[in-house]
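Engineer: below are the sequence and a predicted model for it; my questions follow.
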Amino acid sequence: MKLYTNLFSPNARKVHAVAKELGLELETQTVDLRAGEQRTPEYLALNPNGKVPTLVDGDTVLWESNA
């Protein structure tokens with residue numbers, strides 16, 4: 001699984017905490033929010049909301065950490 005994240009995001013920290021508690025291994029990709037990386041066409045293709053976190057597992061993409 002790959003997690004697009006920014007550690008300044010409380011929602012992203014929640015995903016990190018749950019993954020650690022469950023013993024899941026995550027590949028992480030930091031999204032530079034200050035540089036606007038969340039608004040690139042590539043990122044918006046994964047998450048049309050343009051927010052972090054986004055979790056990709058094969059063909060499945062999740063982007064609502066509160067769900």
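Structural biologist: Yep, that arrived.

Engineer: what is residue 62 paired to in the beta sheet?
Structural biologist: residue 55 (DSSP bridges).

Engineer: wait, isn't it in contact with residue 54?
Structural biologist: Yes. At 7.2 Å, residue 62 counts as touching residue 54 under the criterion of CB atoms under 8 Å. For glycine as for every other residue, the C-beta is placed from the backbone atoms N, C-alpha and C.

Engineer: which one of those two is surrounded by more residues?
Structural biologist: residue 54 (24 against 16; other CB atoms under 10 Å).

Engineer: the more buried one: what's it in contact with?
Structural biologist: 3-4, 43, 46-47, 61-63 (CB atoms under 8 Å, 6 or more residues apart in numbering).

Engineer: roughly how far does it sit from residue 66?
Structural biologist: Residue 54 is 14 Å from residue 66, where distance means CB to CB, to the nearest Å.
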